[in-house]
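> Predicted coordinates and the sequence they were generated for:
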Amino acid sequence: MITQRVYRWVATIITLFIIWAISGRIMPATLPGPAAVIGRIPLLLVPGPGGNLITHLVQSLLRVLGAGITALMLATVIGIVMAQHRSAEWAISPWLPLAMTIPTLVVVLVTMVLFQFSEAAVITATVLVTTPYATVTVWEGARTVDSDILAVAATYDVNSWAILREIYIPAIAPAVLGSARYLASMVWKVVVLAETFGMSVGMGAVFRFWYGQGDLEAVLAALFVFVFVMIGIQASITQAKERLLIWQR
């Protein structure tokens, strides 16, 4: 299974590079080729006009981690509460589709203005955008808990904390990890978007600077590094989820 996935990823990357190289040859004045972009990366890793890429990358990753953990914790709590209590489900469920239909750009812009383009603005905007999606996943996972098991727990007057610890958490663990993987691919996009609008440090600031310079090669080089790191994080979460599923079986 893992070997097949690796082969698929390798084939996808090779295909992408081939298409990229051909497109670069067709439009050399517009699209830098893979060799030029990769060759530019070392120049971005040292102090220069756009700052040190490592510093910007670390700051963005810290924001991604903070916003991702916050969103996942909120989604887990809300999802479990909705599954346990019909009144909570009735009150919250209509808001989830509404929250997911609001354009991300609007949420980010409004939040950045309200929080005066601060660190809290980036985290808040990201949490507001991503939490509803993760909540739906956790909620659906929590709803699959066997009602007979819950009935037995109620019969023996098992307290709520024990039900949560012994029944809900093992049942929703795959859903939570699935949400974490989804959030990892979504959170960084929102963080970068928020950084682009008003932060001086972060990958969004890097993209904004080099875009302002009209240097697409530098933009793609920075993006290449960031995406590579995020793919590694997603792969780690996927492996953790698979190991958990094996343990559950």
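All right, it came through fine.
> for the strand or helix carrying R25, the distance to its chain's centre please.
Per DSSP states H and E: R25 is located in helix 2-26. In terms of Cα atoms, centre = their mean, to the nearest Å, the centre of helix 2-26 is set 23 Å apart from its chain centre.
> and the angle for the following helix or strand past it with helix 2-26?
Going down the chain from helix 2-26, the next helix or strand is helix 34-44, by DSSP H and E. Taking axes from the mean of the first three to the mean of the last three Cα atoms, to 10 degrees, helix 34-44 and helix 2-26 form an angle of 100 degrees between their directions.
> Buried ones in helix 34-44, by neighbour count?
For helix 34-44, a neighbour-count test (16 or more other Cβ atoms under 10 Å) marks 37, 40-41, 44 as buried. For glycine as for every other residue, the C-beta is placed from the backbone atoms N, C-alpha and C.
> now stretch 63-70
By neighbour count with 16+ other Cβ under 10 Å, stretch 63-70 contains the buried residues 63-64, 66-68, 70.
> next one: stretch 22-38
Neighbour-count burial for stretch 22-38 flags 24, 31-33, 37 (criterion: 16+ other Cβ under 10 Å).
> Among these, which one sits closest to A235?
For the buried residues of stretch 22-38, the minimum distance to A235 (Cβ to Cβ) is 22.2 Å, reached by V37.
> any idea how far the closest one lies from V64?
To V64, V37 is 23 Å away according to Cβ to Cβ, to the nearest Å.
> sorry, back to before: which members of the buried residues of stretch 63-70 occur in helices, if any?
Using DSSP state H to define helices, the subset of the buried residues of stretch 63-70 located there is 63-64, 66-68, 70.
> Same list as before, these that is, but in CSV and with distance to A222 included.
Formatted as CSV, these follow (distance: Cβ to Cβ, whole Å):
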residue, distance to A222
R63, 16
V64, 15
G66, 21
A67, 20
G68, 21
T70, 26
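> The helix or strand containing L72 to helix 34-44, inter-axis angle?
Using DSSP H and E, L72 falls within helix 53-84. Between helix 53-84 and helix 34-44, the angle comes out at 100 degrees (the same axes, to 10 degrees).
> Can you list the helices and strands that helix 53-84 packs against?
Contacts defined by 3 or more Cβ pairs under 8 Å, 6 or more residues apart in numbering; DSSP states H and E place helix 53-84 against helix 86-92, helix 119-143, helix 169-198, helix 203-212, helix 216-248.
> Averaged pLDDT, that helix. What do you get?
Computed over helix 53-84, the mean pLDDT rounds to 90.
> can you pull the buried residues of that helix?
Buried, per 16+ other Cβ under 10 Å, within helix 53-84: 53, 56-57, 59-61, 63-64, 66-68, 70-72, 74-76, 78-84.
> before we move on, what about stretch 100-119?
Neighbour counts over stretch 100-119 (16+ other Cβ under 10 Å) mark 104, 107-109, 111-112, 115, 117 as buried.
> and this structure, what are its domains?
For the chain, automatic domain parsing gives the domain ranges 1-31, 45-248.
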